[in-house]
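Enquirer: Build the 3D model from these lines:
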Amino acid sequence: MKPVVIAVVGGKKSGKTVTIEILTKELTQRGYTVAVVKHIPETDFTIDTEGKDTWKFARAGAKIVVAVSAAEIATIEKTESRSLSLREILRKCRGSHLVFLEGFRKLVSEEESIYKIAVVRSAEEIAEGLEIFNPMLAFTGPYQPKSSLKRIPYVDVREDSVKLADLIERIVKKKAAT
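Expert: Numbering: from 1, shown residues only. As a prediction, the model looks like this:
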């Protein structure tokens, strides 16, 4: 079964990470396997630590370095990631019921197989979300609209994580039934 993919989009420091953290906790407690893929736009960012053995192996030319400890396995792939398609990135998440994408705004904007949750700070960001992102699952974030939105709910994930997780769970169950 292919996982349900949900992109959590919004501006810098809007609450995307908190939203994913809260939803991941709620959905894993319900028994779902969740994967999270975070977009890091800084070009010089590395997950590796200079001077450590894994860094030395990559510096020596290894394209894939796998580090294994008692509690985790980390795979570091040295590749030009800007050329990777979303499909190639999602292959890394095989075996999950759900995949949350944090960011990837341009890649996901009109990808209709990916649901979007927009973390918003203003009415303008809601309007932008309605225009840019399809399909939109929900809005959340520090800005709460004064009136209800037409067809897309606003759910304060900090106050009602269950409601937003219920929306996601319905999608997962519907996809599993098909």
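
Enquirer: Return the residues in contact with the most centrally placed residue in the chain.
Expert: Taking C-alpha atoms, centre = their mean as the criterion, residue 101 is the residue nearest the geometric centre of the chain, at 1.8 Å. Neighbouring residues of residue 101 by C-beta atoms under 8 Å, 6 or more residues apart in numbering: 5, 6, 7, 8, 36, 37, 39, 108, 114. C-beta here means a position set from N, CA and C on the backbone, and glycine is covered the same way.

Enquirer: Show me what counts as buried in the helix with the most length in the chain.
Expert: Longest helix of the chain, by residue count under DSSP state H: helix 161-177. If you call a residue buried by 16 or more other C-beta atoms under 10 Å, then helix 161-177 has these buried ones: 161, 164, 165, 167, 168, 169, 172.

Enquirer: Report the contact partners of the last one.
Expert: Contact partners of residue 172, counting by C-beta under 8 Å, 6+ apart, are 4, 32, 97, 98.

Enquirer: Grab the nearest non-local neighbour of the third one.
Expert: Distances taken as C-beta to C-beta, 6 or more residues apart in numbering put residue 32 closest to residue 97, at 4.3 Å, once the chain neighbours are dropped.

Enquirer: thought the one you found was touching residue 100?
Expert: No: using C-beta atoms under 8 Å, residue 32 is not in contact with residue 100; the gap is 11.1 Å.

Enquirer: So which of those two has more stuff around it?
Expert: Between residue 32 and residue 100, residue 100 has the larger neighbour count (other C-beta atoms under 10 Å), namely 26 against 18.

Enquirer: Downstream of the helix or strand hosting that one, the next helix or strand is which one?
Expert: If you go by DSSP states H and E, residue 100 is part of strand 98-102. Moving toward the C-terminus from strand 98-102, the next helix or strand (DSSP H and E) is helix 105-108.

Enquirer: Do you know the pLDDT at the residue lying farthest from the centre of the chain?
Expert: Centroid-distance maximum for the chain: residue 60 at 32.3 Å, with C-alpha atoms, centre = their mean. At residue 60, the model reports a pLDDT of 93.

Enquirer: Give me the distance between it and residue 74.
Expert: 18 Å (C-beta to C-beta, to the nearest Å).

Enquirer: go on, residue 12?
Expert: 26 Å.

Enquirer: Between these two, which is the more surrounded one?
Expert: Ranked by neighbour count (other C-beta under 10 Å), residue 12 and residue 74 place residue 74 first, with 12 against 7.

Enquirer: For the nearest residue to residue 108 once chain neighbours are set aside, pull up the helix or strand it's in.
Expert: Among residues not flanking residue 108 along the chain, residue 7 sits closest, at 4.1 Å (C-beta to C-beta, 6+ apart). Secondary structure assignment for residue 7, by DSSP H and E: strand 4-10.
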